[in-house]
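**Student:** here is a sequence with its predicted model. Questions after.
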Amino acid sequence: MKIMAVDYGDARTGLAACDRTEFLASPLGVIHEYNFDRCVQQVAYAVEEYQIGKVVVGHPKNMDGSEGDRAKKCELFAEKLRALVSVPVVLWDERRTTVTAHQYLNETNTRGKKRKDVVDEVAATIILESYLSWRKNHPDEE
C-alpha cells in the first residue's frame, strides 16, 4: 500500500510517500501555505493524485510524552484531513525528526536556502521511515 507522511508546519508542510511494497520512502515535496484549511485541502489533493492508501501525520509530542500546542494543531490537521479523504489518517510520534533531518542535512553539507527548502520533506521522509519500520515489526497491531 502506498503510504504518505505529512510533516505539518505553519508555513511549510513536508510530504513523503513510499512505494506499494512499503520498502522505499521518498520525499514528495513541500507545500508552502500559511492558511491552515488550504494546506489541509492541498494535502487531500496529494492523497488523491498519488493514489495514497494511508496517511501518517507527524504528531510532535514533547520529550516527556505530553502534548503541547503544536501536537494539538497536528491533531486538528489530521481530523480535518480525515473529513476530506477516504483513506485512514493516523498520528505518529515524530519527536526529534526535525533535529534528525538537520543532522542529515549537516552530513550532506546542505546549507542556506536549499536547506530551508528541503528540511520539511526530509523530516516527512524520516517520519515515514519510522512508521514503516514499526509496521514491518508489528504486522498485527494496526
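**Tutor:** Okay, I see it.

**Student:** by mean pLDDT, flag the weakest helix or strand of the protein.
**Tutor:** helix 97-107 (a mean of 62; mean pLDDT, DSSP states H and E).

**Student:** after that one, next one along is what?
**Tutor:** helix 112-137 (DSSP states H and E).

**Student:** how far does that following helix sit from its chain's centre?
**Tutor:** 7 Å (Cα atoms, centre = their mean, to the nearest Å).

**Student:** what helices or strands is that helix leaning on?
**Tutor:** Contacts defined by 3 or more Cβ pairs under 8 Å, 6 or more residues apart in numbering; DSSP states H and E place helix 112-137 against strand 3-7, strand 12-18, strand 25-32, strand 54-59, strand 89-93, helix 97-107. Just so you know, the C-beta spots here come from the backbone N, C-alpha and C atoms, and that holds for glycine as well.

**Student:** buried stuff in that helix?
**Tutor:** 115, 118-132, 135 (16 or more other Cβ atoms under 10 Å).

**Student:** sorry, back to before: pick the most deeply packed of the helices and strands packed on helix 112-137.
**Tutor:** Neighbour counts (mean count of other Cβ atoms under 10 Å) averaged over each of the helices and strands packed on helix 112-137 peak at strand 3-7, with a mean of 28.

**Student:** quick one: that strand to strand 89-93, angle?
**Tutor:** Strand 3-7 runs at 60 degrees relative to strand 89-93, counting by axes from the mean of the first three to the mean of the last three Cα atoms, to 10 degrees.

**Student:** using PDB, write out every CA atom in strand 3-7.
**Tutor:** Extracted in PDB, the C-alpha atoms of strand 3-7 (Å, rounded to 0.1, in the frame of the first residue of the first chain):
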ATOM      1  CA  ILE A   3       1.500   5.500   2.500                       C
ATOM      2  CA  MET A   4       2.200   9.200   2.700                       C
ATOM      3  CA  ALA A   5       3.700  11.000   5.700                       C
ATOM      4  CA  VAL A   6       2.900  14.600   6.500                       C
ATOM      5  CA  ASP A   7       5.200  16.900   8.500                       C
END
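
**Student:** ok, it: who's next to it in the sheet?
**Tutor:** strand 12-18 (antiparallel), strand 54-59 (parallel) (DSSP bridges).
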